[in-house]
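>>> Got a sequence here, can you model it:
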Amino acid sequence: MLLATLHHYWNDEVVKANLSIALTLLGALALGMLVGYERSYRGRAAGMRTYGLVCMSSAALMVVVGFGSMWYGGVPGALRADPTRVVQGVVTGIGFLCAGVIIKDGLSVRGLATAASIWAVSAVGVLFGAGFHAAAFMFAVLCALTMSLLHRLERRLPGRNTLDLSLTFRQGFCPNMDELVAIAGARGYRVLHDSLTIAFADNHAEWRLAAIAVERSRALSPALLADELSKSEGLAKFSITPVRN
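Below is the predicted model of the structure:
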């Protein structure tokens, strides 16, 4: 009985469908790798392999719906899938993967661009799998250009840098918030009062706060600011971390 049904899987129509799906997977893999190369070039953890697999998998799940009549060799009673539910499942599943690349470190949140681009490349795969090849190619190119060119444009436009400051004061030194605000203001920064957290360990007061540059071009660079802090008599140690989002 089993041998008698094998011809359903190898008739001309099914073979052509398999060839079409294979070409779709190769195209989706290429588009995913195109977008992933930008992340790989910038040294990110998610690179060409991750993006290629996400795009190809999304395309595979989408394209197979289009051949629903040939499922299980096209035998009577074969299931019919709803494309909209497949898209919903792809988006939900990729969301879990995206959450894994987002890392919060203090005031900095890293991996947002990578997560957004992984989610976008899954949409590229869905488009390609649905047969919109030109639109998928354009979407992939736009994703790559957005991550590579808009980052440079963003840096050229007027903006404000935010620094995450961790200050450990010497034993017996009593820091003054007003003096700290005045010192930061003289160097082009405004202290965000609601970001202040205070801790006390090993007889040392530890302050952590954020300071935002009033004007990026006029604010003291983190390197020069570190040089000044190193000469402060009241500080035992410190750290300066540019906030990334």
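>>> Need the per-residue pLDDT for the closest residue in space to residue 44 that isn't next to it in sequence.
Spatial nearest neighbour of residue 44, excluding adjacent residues (Cβ to Cβ, 6 or more residues apart in numbering): residue 114 at 5.5 Å. Bear in mind the C-beta positions are built from the backbone N, C-alpha and C, glycine included. pLDDT recorded at residue 114 is 83.
>>> which residues sit against the longest strand seen in the chain?
The residue-count maximum for a strand in the chain (DSSP state E) belongs to strand 189-201. The contact list for strand 189-201 (Cβ atoms under 8 Å, 6 or more residues apart in numbering) reads 107, 163, 177, 180-181, 184, 205-214, 219-220.
>>> same thing but at 6 Å, please
181, 184, 206-214, 219 (Cβ atoms under 6 Å, 6 or more residues apart in numbering).
>>> Can you tell me which of those end up in strands?
Per DSSP E, the contacts of strand 189-201 map to strands at 206-213.
>>> On the C-terminal side of the helix-or-strand element of the chain with minimal mean pLDDT, identify the next helix or strand.
Lowest mean confidence among the helices and strands of the chain (mean pLDDT, DSSP states H and E): helix 2-5, at a mean of 54. The first helix or strand that comes after helix 2-5 along the chain, using DSSP states H and E, is helix 12-41.
>>> by contact count, what packs against whatever helix or strand comes next after that next one?
Going down the chain from helix 12-41, the next helix or strand is helix 48-63, by DSSP H and E. Packing partners of helix 48-63 (3 or more Cβ pairs under 6 Å, 6 or more residues apart in numbering; DSSP states H and E): helix 12-41, helix 83-100, helix 112-129.
>>> quick one, what contacts residue 66?
Applying Cβ under 6 Å, 6+ apart, no residues contact residue 66.
>>> Count the neighbours of residue 213 for me.
Per other Cβ atoms under 10 Å, the neighbour tally for residue 213 reads 20.
>>> For it, which residues are in contact?
160-161, 188-189, 219.
>>> mind listing what residue 184 touches?
Residue 184 neighbours (Cβ under 6 Å, 6+ apart): 191, 211.
>>> from the helices and strands packed on helix 48-63, which stretch is densest packed?
helix 112-129 (a mean of 24; mean count of other Cβ atoms under 10 Å).
>>> which strands and helices sit next to it?
Packing partners of helix 112-129 (3+ Cβ pairs under 6 Å, 6+ apart): helix 12-41, helix 48-63, helix 83-100, helix 133-156.
>>> what's the angle between the longest one and helix 48-63?
For helix 12-41 against helix 48-63, the angle by axes from the mean of the first three to the mean of the last three Cα atoms, to 10 degrees is 150 degrees.
>>> Report the rounded mean pLDDT for helix 12-41.
Here the average pLDDT along helix 12-41 is 86.
>>> Off-centre distance for it?
Its chain's C-alpha centre and that of helix 12-41 lie 22 Å apart, by Cα atoms, centre = their mean, to the nearest Å.
>>> hang on, the earlier thing: most surrounded residue in the ones in strands among the contacts of strand 189-201?
Ranking the ones in strands among the contacts of strand 189-201 using other Cβ under 10 Å puts residue 211 first, with 25 neighbours.
>>> surely residue 136 meets residue 129?
No. Between residue 136 and residue 129 there is no contact under Cβ atoms under 6 Å: 8.5 Å.
>>> Now residue 215. Its backbone dihedrals?
phi -140, psi 130 (degrees, to the nearest 10).
>>> Show me the shaky parts of the chain.
Filtered on pLDDT under 70, the chain yields the residue ranges 1-10, 45, 72-81, 105-108, 244-245.
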